[in-house]
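[1] Sequence plus predicted model, see below.
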Amino acid sequence: MRVVERLRSFGLKICFPLAIALCALLELAGWPFLVLAGLLVGALALDWKRALVSGFLGALIGWGLYFLAYWALAPDAMSIAMSSVPDFLAITLLLGAIIGLLSASTGYFAACIIQHFVGKSGEVA
């Protein structure tokens, strides 16, 4: 099956766990890769609402899992960060969720544009 036909075809049951997994795994490469996860999930989501929910909650939970792993592996460093900036965890989780929300929205609309210009026949309109 062609890639263009797969764009905007998945519901929340697939996009949400995919967003969590992608955000948690791509976070290991660095936080800018969180945008890539949101773009991919947004491009696969069936509609804009599902893209927003998947991107926001997927990034929030994925980044939360990353912080749990970091806290388990380096509790001293995490406690220093938490004591230095009292709202460190809330600020970074909210920032990650906003990045996921915006990148999923961008991915959804990019998929809409791609599907508009590349029709079902695969020819450029």
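    Arrived safely, thanks for sending.

[2] longest helix anywhere in the chain?
    Longest helix in the chain by number of residues, with DSSP state H as the criterion: helix 88-117.

[3] What average pLDDT does that one get?
    Averaged over helix 88-117, pLDDT sits at 91.

[4] elements contacting that helix?
    Under the contact criterion of 3 or more Cβ pairs under 8 Å, 6 or more residues apart in numbering; DSSP states H and E, helix 88-117 touches helix 12-26, helix 33-44, helix 48-73, helix 75-84. C-beta: built from backbone N, CA, C; applies to glycine.

[5] which one of the ones you listed is the most hemmed in?
    helix 33-44 (a mean of 24; mean count of other Cβ atoms under 10 Å).

[6] same for that one, what does it pack against?
    With contacts defined as 3+ Cβ pairs under 8 Å, 6+ apart, helix 33-44 has these neighbours: helix 12-26, helix 48-73, helix 88-117.

[7] Contacts for it next, please.
    Applying Cβ atoms under 8 Å, 6 or more residues apart in numbering, the contact partners of helix 33-44 are 6-10, 14-15, 18-19, 22-23, 26-27, 51, 54-55, 58-59, 62-63, 96, 99-111.

[8] I'd like the mean pLDDT over it, please.
    Mean per-residue pLDDT for helix 33-44: 91.

[9] Stretch 67-84 now?
    Averaging pLDDT along stretch 67-84 yields 90.

[10] From residue 99, how far off is residue 64?
    Distance, residue 64 to residue 99, by Cβ to Cβ, to the nearest Å: 14 Å.

[11] center of this protein, which residue is that?
    In the chain, the residue lying closest to the centroid (Cα atoms, centre = their mean) is residue 38, at 3.0 Å.

[12] Spatially nearest residue to that one, not counting backbone neighbours?
    Nearest residue to residue 38, sequence neighbours excluded (Cβ to Cβ, 6 or more residues apart in numbering): residue 103, at 2.8 Å.
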